[in-house]
Each structure stands twice: as C-alpha cells, then as structure tokens.
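> Below are the sequence and a predicted model for it; my questions follow.
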Amino acid sequence: MTHHEWHDQIPFYLADTLSQAQRQAFEDHLLTCESCHEALLAWQEIGQAVRVLGADAARNLPPLDAKLRAVISNPINASHLSQTVRVPVIALQVKRRFSRPVVSAAAVVLVAVAVIALLLAGDDREMNTATQPPIAQTPLALLPTSTATTHPTVIQEPGIMTQPPATQAPASATQHTTSSLPTRTRAPSITSSPAPAVQAACIARNIMPAAPAIYMDPYVSESHVGTLPDNAPYPVLRYDPNGWLALAVSEQVVWVRATDMLLEGDCDALINPLPTPTDRTPCRLIAADTVKVYAGRSPESDILIQGADPATLTVRALSEDNWYGVEFSSDGRTQIGWVDRETASITELMGDCDGLLFIQIESTAPLTPTQTVVLDVTPQDARPGDTIQVNWQVQQGEAVSLTAFTATAADAKTGDTAEVFDDLPLAGTRTITAPQTDAAYLHLWLTVATSDDVVPIIVTRVVRLMP
Amino acid sequence: MIANPNPITNPAEDPDLPLLHAVADGDSQAFDSLYARHGPYLLSFLTMRLSDRQKAEEVLQDVMMAVWRGAARFRGESRVKTWMLTIARNRAVNAYRRRRPQTVPLEEEGDFQGTDTEPLERVARADRGERVRLAIATLPAHHQEILNLVFYQHLSGVEVAQVLGISTGTVKSRLHRAKESLRHTLASEDLP
C-alpha cells in the first residue's frame, strides 16, 4: 500500500469504519510511520470537532409537522399504496406538495365521464347544465371566467349540486352520479361525512394550524371574506395550477390558496388554469448591472438582449435549474427569454412573485438495473493472480464507476478497496487481477449516477476467491 | 479511535429493516420509531450541509415524507440509515438550488463586509477546540457534509460514496481537500 493510501484510511480508522483486517494492518503500519502519526493527530482533532458540531446540530429534534402527520394518519397514503406521479416537463410548484392517493376505478370512471362530457360541451359559459354530470359541470358553469375577475360576486346558485333530471342526462353519466353523489336539491352540508365514492373524487382539507382565508375571487386579495369554517374535507370544484382551489362551502363557491390545503383523490382531472388576471402586479426582476437574456436555459444559447434596462423584464417562470423565464419587448414584439439566476446580479424581485410558474426539469427515468445495466464478470471463482474480466453496458446514465473490494462475506457492503475505475464510458471492459487476500470474496460494484433523486444505481457481482 | 455506535452490518441484519417494512405497510408507530432513531442524525447532517437550522428542519420534514412514500421501494442495497441520508442529501441539494437570491439593502452595504469576515475573526480569538469548530463552520458545504458523514454518521468509505453519488476515490480526495482547507485556515496552529 502506498503512503497516500495509508493516509486515506486515517479518517475511517478514527471513525471505526474499517474492517478488522484493515484496522489491524493500519495499526501495524502506524508503529513505524511518523507521518501517519502526525496526520492521525490532526484528523483526531478534526473528528472531535465534527462530533461536537454534529451533536449540537442533532439536539432538539422537532416533532413531525402537521402536514406529515395528516398524511401518515391516513391509511390510504401508505407507501405501498401510493402512486408515483412524475409530472412531465412543466410542473407546478404547488403540485409537488400534495399527496396523491390511489383512487378507486369507479372514481376514475366518474371523473373521466365528467371531463369527456365537459370537453364535448366546449366553452364553460355555454354549457347546458341539464346535460352534464353535476360534479364537474356545475362548478365550471358557476366559477368566474376571464370576464369576472375584477367584479367578484357571491355565487349562490340554488342548483349548485342539484342532480340533473335523469331523462336529460346521458345514461352512463346518470348511473355514475346517481350512485356516488348525495341526492340533495341544494349544496350538501360539507361537514357531513362524504359517501365513500365521493371521497375518491378530489377533496381538500385544511392542514394548517390556522384556518385558511377564503376569497370570493382568486388572485384578488380584496375579495377576502373570512376563513374556512373547519377542517372538514371540501369537494374541489376547480384547480387553478397557479395556486388556487375553488371549493363548495355552505352553498357558495369560494377560493382558497392551494398551499394551505391537502388534496386527496383524483385532482388532476380538475386542473383548469384561470386566465391570468390583469390587475395583479407582475413579478419583475431588478438587476444591479447588465443583464443577459438568453434564448434558452444555457449560457451557450444565443443572447437575445443584453443591457442595463432590467425594469422591463417581467418574470413569468422559475426553472428547477435556476433560470428565470422573462418576458420583454423588443422591436414592438413580446418575447420570452431566460436569465441565469446564479450569475445575474439580481438585487430584487418586485411584484407578485410567489405564484411563478415552476418549471421542473424532466429527469431521466429511473434506471431499472436488470433492464438497462448489464454487468458480466467472469470467472465466478478465481485464484490469486487469475485475470477477472468485467464487461458492462449502460443504456443511460452518467458518472459510471467500477469499484472492486474484498470482503469476508458474499453480501458485504463494505470491505478493503482494491481498485476503483472512475469516469468510465457507458460500455466497456476492464481486467482485474484476483488479489492475494484472506478475504473470501471479491465484490465488483458498477455505480451509475442518474438524475433520479433517490439513489444512484449500483449493480453488484461477487467473485469467490479460492485459496 | 472512537467506537462506531452503528457498526457496519449486513443489510439483511440491519435492525432498521423491520421498521422500514412496517412503514411500507402504513404503520405510523414504526414511522415514529424510525424518526426517533434517525431524525437527530438526519437533522445533524442537514444542519451542517445547509448551514441553516431553520431550513434544515424544513427539509427534514420533506425527507421524512419521502421516506414514508418511498419505503416500499427501498431496494435493500444499503443500510436504511444510508438510504435515508441519501434522500436527505439530495433534498438538501435541491433546497440549496432553489434558495431565493440573497439581497442586501444598499444602506446596509457598509456592514456587509464586517459581517462577512466575522467568522474568521472569531477563529483567531477562540481557544484551540473552538477554533477548529469555527474553522469547520467556514468550510464549503460539500466539505462539511463529508466530515459529518465520516465522523458523526460513522459511514464507511463506500457508504459515503453512495450517499454523495461519487466514487470512493473522490471521497478520499475530498476529505484530503477538506483537511487542507482547515490547515490553511488554522495555519498558525501547525495543523499537519
């Protein structure tokens, strides 16, 4: 082992994470190596300081917050039942906060029928309430449209949740709605326990310590009329992905901020963006010096404008990779470009910047090791000095590395590192000489980093070392 | 040498594995137990990684949500603790990326320089142990996190590599650089 390799082991020796054999070998070496002894003292001091800092930081563990408590107290949110929903390309920040429990097939059919009926009906304002399933048609017929944002009115339609006459509704819709919705002639008392079928549709409940504010009009603070009366589940009538939910509360349609609520059920079907109100102060970006606006989210992109007139830059979006999507006027035309959040000297964001469109970067689909990573190792038994051939092929991913280490157990997760090959191509071959060791196995780990945010893919093979 | 409170085990013998299986089945008591066992370690890691206690507590809730939702997908390729630290690390990186730009009002600009150099001045005034701790607190996030993983979490080199998504060779070189940075900061103390 080289001088550097001994030094590399010192932090792990002090942390007691070396194998027995490594520890013994290091202690033997330490007796004769003054340099290692000095480094050991230095690392000892560092390790002691880190343990004090670490212990200080670990004190006063906060309790699990109310939002998490609400999720784990609902059996339908157990992880073996949960769906993983990856929102493609453009997702909205508010959506990432919500639970997405499994919904029953009946509920999916119910909402699907409603949505199809809506699509067939065309413009919201022209819908014939007598021909639509009530759960989706009624709120959309009643909610403000682009013409209703500046003059909010209390919507108090007597027929808000009324069933349409069975003779006028499509047969399929009638069957579903009759069996799943309360048969009331007025809006239901929302505090009552919903029937099981209704629970599978999109509902929202407060998860904040304080009662959320309710508004008569989304985006208009002045339309604030009070607070949500309780934490009961309320049917969601419309879901504006910029952060507003329309709820049926006591025979009225009111709006709440989506960030205050936990959504359950199939809420995606209700996503229906509102027109951007014209009376909101748009989010604007102020920079200290010259700002470059790129055509794409890369410094390699063309520069659309470059100047010191940032007041005209209206921010419309924020991307996960730290770019602001900005709107600006050039040659009498409105254009969209990108400003690098990291390098631009942005001193201030003004206006309503909380509801910016959040652009999530589509990550590479998680690799499935058995399908996309091939690792062949031959032979499976080797004697010291034998050549072991390792072939690999990775369909997608980055930062491929191969680590070989010896261990006494076939299922060990750590041992004595023998060799490491970094920055490997996606496909290739390496030969490794079986080491002379007391260990019984040589482990070969192919590590592939991906943009999957859980763990890198590691595919392992084990060669049995014969004496 | 400090005895490792969590000696490396075969993942199949990981005492946390039954707990995680119970969590995957929706057992909220098992989830509480898992949080009680590992919450302090995760909080320690996140606080050192983010240098922001409040943000660390926020991200911790996010991590536990991910643990709750991801328990059934745990592939058993590592210890449960390593898996949870990997999630914590990735969430911390995301939180750091999404931070709002720091702005300083113009009238406070004069104080900004003084505040910026304060940690180094404190290093010069403190006793030896305190000086080392303060110097560590001035290290970049990627150096602080690796020191926490090695000396506080007691992860092996392979596990540290797994949590950080880097090779074991990079683990060693990063540790070396962290030590060199500290030596530079504490130059007058002859730290080798």
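Received it, and whenever you're ready, just let me know what you need.
> Can you report how many residues lie near the closest residue to A:Leu40 other than its chain neighbours?
Nearest non-adjacent residue to A:Leu40, counting by CB to CB, 6 or more residues apart in numbering or on different chains: A:Ile10, 5.5 Å away. Glycine gets a C-beta too; all of them are placed from N, C-alpha and C. Other residues near A:Ile10 come to 23 when the count uses other CB atoms under 10 Å in any protein chain shown.
> And the helix or strand hosting A:Ile10, what's buried?
Counting by DSSP states H and E, the secondary-structure element that holds A:Ile10 is helix A:3-14. Taking 16 or more other CB atoms under 10 Å in any protein chain shown as the basis for neighbour counts, the residues of helix A:3-14 that come out buried are A:6-14.
> Tabulate the residues you listed (CSV), appending pLDDT.
Converted to CSV, these look like this (pLDDT from 0 to 100):
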residue, pLDDT
A:Trp6, 90
A:His7, 91
A:Asp8, 92
A:Gln9, 93
A:Ile10, 95
A:Pro11, 95
A:Phe12, 94
A:Tyr13, 93
A:Leu14, 93
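> Relative to B:Ile166, how far out is the residue nearest to A:Leu40?
19 Å (CB to CB, to the nearest Å).
> could you say what helices and strands the helix holding A:Ile10 packs with?
Here helix A:3-14 is seen to pack against helix A:20-30, helix A:34-58, helix B:168-185 when contacts are counted using 3 or more CB pairs under 8 Å, 6 or more residues apart in numbering or on different chains; DSSP states H and E.
> Ok, which of those comes nearest A:Gly265?
The closest approach between A:Gly265 and any of the helices and strands packed on helix A:3-14, judged by CB to CB, belongs to helix A:34-58 at 38.1 Å.
> Identify all contacting residues around whatever helix or strand comes next after that closest one.
Moving toward the C-terminus from helix A:34-58, the next helix or strand (DSSP H and E) is helix A:66-72. Taking contacts as CB atoms under 8 Å, 6 or more residues apart in numbering or on different chains, the residues outside helix A:66-72 that touch it are A:64, A:77, A:97, A:99, A:205, A:207-209, A:262, B:28, B:31, B:61, B:64-65, B:68.
> Among these, which one sits closest to A:Cys283?
The shortest gap between A:Cys283 and any of those belongs to A:Arg97, at 20.2 Å (CB to CB).
> Quick check: B:Arg49 vs chain A, distance?
Per CB to the nearest CB, to the nearest Å, B:Arg49 is found 10 Å from chain A.
> Quick check: pLDDT value at that residue.
B:Arg49 carries a pLDDT score of 91 in this model.
> same for the helix or strand hosting A:Gln393, what does it pack against?
Secondary structure from DSSP H and E places A:Gln393 in strand A:387-394. When contacts are defined as 3+ CB pairs under 8 Å, 6+ apart, strand A:387-394 sits against strand A:373-378, strand A:398-407, strand A:427-433, strand A:441-449.
> That one pairs with which strands?
In its sheet, strand A:387-394 lies beside strand A:373-378 (antiparallel), strand A:427-433 (antiparallel), with partners assigned from DSSP bridges.
> Deepest-packed of these, please.
Highest mean neighbour count of the strands paired with strand A:387-394: strand A:373-378, a mean of 16 (counted as mean count of other CB atoms under 10 Å in any protein chain shown).
> quick one: the helices in chain B?
Under the criterion DSSP state H, chain B contains helices at B:17-24, B:28-50, B:53-70, B:80-97, B:109-125, B:128-137, B:141-147, B:157-164, B:168-185.
> among the ones you listed, which is the most enclosed?
Among the helices of chain B - counting mean count of other CB under 10 Å - the highest mean neighbour count belongs to helix B:157-164, which has a mean of 26.
> Show me what it is packed up against.
Using 3+ CB pairs under 8 Å, 6+ apart as the contact criterion, the elements in contact with helix B:157-164 are strand A:398-407, strand A:441-449, helix B:80-97, helix B:141-147, helix B:168-185.
> Which among these is found nearest to A:Cys36?
When those are compared by CB to CB, helix B:168-185 sits nearest A:Cys36, at 13.5 Å.
> quick one: is the closest one near chain A?
Yes. On the criterion CB under 8 Å from any CB of the partner chain, helix B:168-185 is in touch with chain A at B:168-170, B:172, B:175-176, B:179, B:182-183.
> still on that earlier bit, can you give me the mean pLDDT across the strand holding A:Gln393?
Confidence over strand A:387-394, taken as the mean pLDDT, stands at 88.
> Output it as PDB, nothing but the C-alphas.
Extracted in PDB, the C-alpha atoms of strand A:387-394 (Å, rounded to 0.1, in the frame of the first residue of the first chain):
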ATOM      1  CA  THR A 387      -7.500 -12.500 -14.500                       C
ATOM      2  CA  ILE A 388     -11.100 -11.500 -14.000                       C
ATOM      3  CA  GLN A 389     -12.800  -9.900 -16.900                       C
ATOM      4  CA  VAL A 390     -15.500  -7.300 -16.300                       C
ATOM      5  CA  ASN A 391     -17.800  -6.200 -19.100                       C
ATOM      6  CA  TRP A 392     -20.500  -3.600 -18.700                       C
ATOM      7  CA  GLN A 393     -23.100  -1.800 -20.700                       C
ATOM      8  CA  VAL A 394     -25.300   1.000 -19.500                       C
END
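> Next, the angle strand A:441-449 makes with that strand.
Computed with axes from the mean of the first three to the mean of the last three CA atoms, to 10 degrees, the direction of strand A:387-394 lies at 20 degrees from that of strand A:441-449.
> Right, I'll call it a day here.
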